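>>> Quick one, fold the following:
(4 chains)
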Number of protein chains: 2
Amino acid sequence: MKLEETRAKLGRGRDAVRQHNLSTVLGLVHQLGPISRSKLGQLTGLNRSTISILVEELTNLGTVYEGVASAREGLGRPSIQVSASDDVVAISIHPELEYLVVAAVSLAGNVLHEERVNYPAGTNVHSIVKEIGRLLGKVRSALKPGARVAGIGVAVPGQIRFGDGVVRLAPHLGWVEVPLATMIQQETGLPVYLDNDASVGCSAERIFGAAKNFKDVIYLWGGSGIGGGVVTNGVQLRGATGYGCELGHVRISDFDGPDYSGLAGTLESLVRREDLISALGLGNVSDEALELALLGNRTPAVVEVANRQIDALGRGLGNYVNIFNPEVIVLGGFLRSLYFYDQERLLQGLTNGSLSASREAVIVRTAELGSSGVLLGSAELVFERLLANPVGFETVIA
Amino acid sequence: MKLEETRAKLGRGRDAVRQHNLSTVLGLVHQLGPISRSKLGQLTGLNRSTISILVEELTNLGTVYEGVASAREGLGRPSIQVSASDDVVAISIHPELEYLVVAAVSLAGNVLHEERVNYPAGTNVHSIVKEIGRLLGKVRSALKPGARVAGIGVAVPGQIRFGDGVVRLAPHLGWVEVPLATMIQQETGLPVYLDNDASVGCSAERIFGAAKNFKDVIYLWGGSGIGGGVVTNGVQLRGATGYGCELGHVRISDFDGPDYSGLAGTLESLVRREDLISALGLGNVSDEALELALLGNRTPAVVEVANRQIDALGRGLGNYVNIFNPEVIVLGGFLRSLYFYDQERLLQGLTNGSLSASREAVIVRTAELGSSGVLLGSAELVFERLLANPVGFETVIA
DNA sequence: GGATTATGTTTGCACAAACAACAAACTCAA
DNA sequence: TTGAGTTTGTTGTTTGTGCAAACATAATCC
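Residues are numbered from 1 along each chain as shown, chains lettered A, B, ... in the order given. A predicted model of the protein is given here:
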């Protein structure tokens, strides 16, 4: 069986070259936005005539279109701009504890339409899937006529078996062994791809956000729990079955308080949004409101809680630096607020806990994409398949 | 500059296909040993005629040779066996605190010749490089006439800048910012590639040892310190500059004792060979002797030390499982002894510290390759470059 | 010894990228 | 305004690569 898998991959035939080059060109257009043919030639190293043919083929497939000549860029004949189509879309779905978002994201990277609904915590999975179907209908009818749907990408706060899209455990939602991909596929008739919400957010930051142009990235998102994403040498780390990157569940202390998955002394057990909120005397607030309140409060009690969390975060980051030797660390969610609360303390903690060679070149920054990050990243689950095989990948009329 | 890098890679031309297929075939022969042409066809998915041409070209390059027809394997005409040459060799170098090994390893995976010399701890780097030159002479003159040297692979117990082979820090040897690759290159005139000794050991176990046929591997080696190697999705993790995989320097506890790099509470600070040795009342012993002594001793004092170390190791492994979701964990050096001392306790610790979805499929086993592992892995530093470009890679007559 | 089966070999073909020559569209300077 | 210089797009040809088909070869099975 393992042989079967490899068989198709190891050798390369004639058409594999074409597929690879189409994929490369489309990927560049997708990621860099409108780009001139000549620049495509420079980036790929392919001949002008080859680029011509490739772009023509992609145009026929409907994935890109050629605009008018670009603004002047210097001497010589102006080059034609190539842009990714807004008519090829992926559906992004993000179910959370108390709400659900369904959106259409175009290959050009635009969130075309977004539908959102709130429901009480603990709502049944089947009801949520029904809601997905309903919202999807609204999203589809809002699309331009002629638009084509490439598939559905779903971001779930939990551990996903990447192969078949089963949610093994989503502690906050209370889901255990839920075959969500299959359920949504049956409800909608579209191909469905699942991944962890933090991995998806990482992917978005890498392609469009704070980690753009970096090949080795650590991403940490603080929500109710702490999720993580890792990119090494340009590829997303998933592990053998898709459960990897659980950076919040790394034990860094002897503290025996459990995190949301029941593990003790982990980063998630020490760096807790709710502890900050109760120290600040807040209720159910947004990340923005939390940040505002935190940064304006230097009372000893709050400082103490924040410092404890910052120290733990620094210790965790030090570990990741030693393990991954990344170029950049991106902090999102309420971790952003901790970073701004005492940047120096955090970086000092990081330095103390890491080997100097690995530490020296690391950049720490905050996430750039807000709530749209998850949507863009989920869409990427679909687009990365489309990009891998622009000719063979099938789309459905909206 | 970043564009320059990518330029050559992104697009694929005609000849890239040939290079890729040559590389694939040679890689299979190298890794799987003597293999029939027909099997090569099955594994790569390439046509019989294509395999013919590829094997012929590799034969002309001297990297493989075709033997007589194989032993019967069923019906039909027997297939010709293709084997990797023993005449293409890499030089493996392994400098340690008190000794130095220089060996010749063939593309077929055989250690052809090995030279070893002892010296006092603290010996000057320049003297060691001189010794390398001397031993290399002996190794080269022991090679068959006609043999060709592809380059030198060096395994160093420390942090290596992968790009230019500078040893940033090797705590045990007391080296700081040593441009070892350049020094050895000047001494020998051969191309030199450096890497961390644990990464190199990991690579060897993956290709020839306990992690063969696995794509997601965690490797931990206990020597004076603790080194690590990681393979994800079939590729070795190195990080942005080559300092990654420092799995021993991951903080897992509030304990404030430092490890050999000065970091507190890390795995390396808690799991220490010398503590085991002093608990056993031994002196300067080999791993084999240590294992023998340990397994035969269940006195309370020894049990307590061992258990403490086993618990720390279990905690560390749990972290790695959560981060990497590996298929297999390979333990080498004196960690092997801890594993055998109380396997159940170790696995229980691992289970307690990891998420069940990631934990369920993980296999824990011990390293298969002894001291030859480092040599095979170092040679792989050279061979992986040769394999990547069988035509363009230049070799030197021995 | 003939049928069957699997592999190696040879030849012609199809396809994709590269190359070369030319046309087109712009800038710049006089 | 004009012509030289520069860069890009287009077209037809060349080259390299894998593939398919027909045939040859060497084993097993009956």
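
>>> Tell me the spatial nearest neighbour of A:Val29, not counting adjacent residues.
With sequence-adjacent residues excluded and distances taken as Cβ to Cβ, 6 or more residues apart in numbering or on different chains, A:Val29 is closest to A:Ala84, at 4.9 Å. For every residue, glycine as well, the C-beta is placed using N, CA and C.

>>> so who does the one you found touch?
Counting by Cβ atoms under 8 Å, 6 or more residues apart in numbering or on different chains, A:Ala84 makes contact with A:Leu26, A:Val29, A:His30, A:Gly33, A:Thr63, A:Val64, A:Ser106, A:Leu107, A:Ala108, A:Gly109.

>>> If it is in a bridge, with which residues?
When bridges are called by DSSP bridges, A:Ala84 pairs up with A:Val64.

>>> just A:Gly332 next, same as before
A:Trp221.

>>> do A:Ile226 as well
Bridge pairing for A:Ile226 - DSSP bridges - gives A:Gly222.

>>> Would you mind measuring from it to A:Thr266?
Distance from A:Ile226 to A:Thr266, counting by Cβ to Cβ, to the nearest Å: 8 Å.

>>> So for those two, which residues contact both of them?
A:Gly248.

>>> residue ranges with poor pLDDT in chain A?
Within chain A, the segments meeting pLDDT under 70 span A:1-9, A:69-72.

>>> Just give me the longest helix of it.
helix A:300-324 (DSSP state H).

>>> packing partners for it?
strand A:217-222, helix A:267-270, helix A:273-280, strand A:328-333, helix A:335-341, helix A:343-352, helix A:356-359 (3 or more Cβ pairs under 8 Å, 6 or more residues apart in numbering or on different chains; DSSP states H and E).

>>> The same query, at a cut-off of 7 Å, please.
Here helix A:300-324 touches helix A:267-270, helix A:273-280, helix A:335-341, helix A:343-352, helix A:356-359, going by 3 or more Cβ pairs under 7 Å, 6 or more residues apart in numbering or on different chains; DSSP states H and E.

>>> Quick check: what element follows the last one along the chain?
If you walk from helix A:356-359 toward the C-terminus, the next helix or strand you reach (DSSP states H and E) is strand A:363-366.

>>> got the buried residues for that following strand?
A:Val364, A:Thr366 (16 or more other Cβ atoms under 10 Å in any protein chain shown).

>>> Single out the most deeply packed of the helices and strands packed on helix A:300-324.
Of all these, helix A:267-270 carries the top mean neighbour count, a mean of 26, counting by mean count of other Cβ atoms under 10 Å in any protein chain shown.

>>> contact partners of it?
A:225-226, A:248-250, A:252-253, A:255, A:257-260, A:309, A:312, A:316 (Cβ atoms under 7 Å, 6 or more residues apart in numbering or on different chains).

>>> go again using 10 Å as the cut-off
By Cβ atoms under 10 Å, 6 or more residues apart in numbering or on different chains, the residues outside helix A:267-270 that reach it are A:220, A:222, A:224-228, A:246-253, A:255-263, A:308-309, A:311-313, A:315-317, A:319-320.

>>> same question, stretch A:122-130
Identification of contacts with stretch A:122-130 by Cβ under 10 Å, 6+ apart yields A:93, A:95, A:97-100, A:117, A:119, A:131, A:167, A:170, A:173-175, A:178-180, A:183-184, A:186-188.

>>> where's it relative to the chain centroid, distance-wise?
Relative to the chain's own centre, stretch A:122-130 is displaced by 24 Å; criterion: Cα atoms, centre = their mean, to the nearest Å.

>>> a markdown table for the helices and strands packed on helix A:300-324, including distance to B:Ile160?
Formatted as a markdown table, the helices and strands packed on helix A:300-324 follow (distance: least, Cβ to Cβ, whole Å):
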| stretch | distance to B:Ile160 |
| --- | --- |
| helix A:267-270 | 29 |
| helix A:273-280 | 39 |
| helix A:335-341 | 31 |
| helix A:343-352 | 21 |
| helix A:356-359 | 9 |
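
>>> closest to A:Gly234 out of those?
Shortest distance between A:Gly234 and those, using Cβ to Cβ, is found for helix A:356-359: 18.6 Å.

>>> From the contact counts, what lies against the closest one?
helix A:300-324, helix A:343-352, strand B:159-161, strand B:166-170 (3 or more Cβ pairs under 10 Å, 6 or more residues apart in numbering or on different chains; DSSP states H and E).

>>> What count of nearby residues applies to the residue lying closest to A:Gly349 once chain neighbours are set aside?
The shortest distance from A:Gly349 to any non-neighbouring residue, by Cβ to Cβ, 6+ apart, is to A:Gly314 (2.1 Å). A:Gly314 has 23 neighbouring residues, counting by other Cβ atoms under 10 Å in any protein chain shown.

>>> again with A:Leu317
For A:Leu317, the tally of surrounding residues (other Cβ under 10 Å) stands at 28.

>>> Now do the contacts for the closest residue to it other than its chain neighbours.
Setting aside the residues directly before and after it, A:Leu317 is nearest to A:Leu350 in space (Cβ to Cβ, 6+ apart), at 4.6 Å. A:Leu350 makes contacts with A:313-321, A:329, A:359, A:362, A:364, as judged by Cβ under 10 Å, 6+ apart.

>>> got the contact list for the residue nearest to A:Gly349?
A:338, A:342, A:345-354, A:364 are the contacts of A:Gly314 under Cβ under 10 Å, 6+ apart.

>>> ok, now with 8 Å
A:Gly314 neighbours (Cβ under 8 Å, 6+ apart): A:Arg345, A:Leu346, A:Leu347, A:Gln348, A:Gly349, A:Leu350, A:Asn352, A:Gly353.

>>> Tell me if I'm right that the first one and A:Ile310 touch.
Yes: A:Arg345 sits in contact with A:Ile310 when judged by Cβ atoms under 8 Å, with a separation of 5.2 Å.

>>> circling back to that earlier point, mind putting the helices and strands packed on helix A:356-359 into a markdown table with distance to A:Asn284?
Shown next, in a markdown table, are those (distance: least, Cβ to Cβ, whole Å):
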| stretch | distance to A:Asn284 |
| --- | --- |
| helix A:300-324 | 18 |
| helix A:343-352 | 26 |
| strand B:159-161 | 46 |
| strand B:166-170 | 48 |
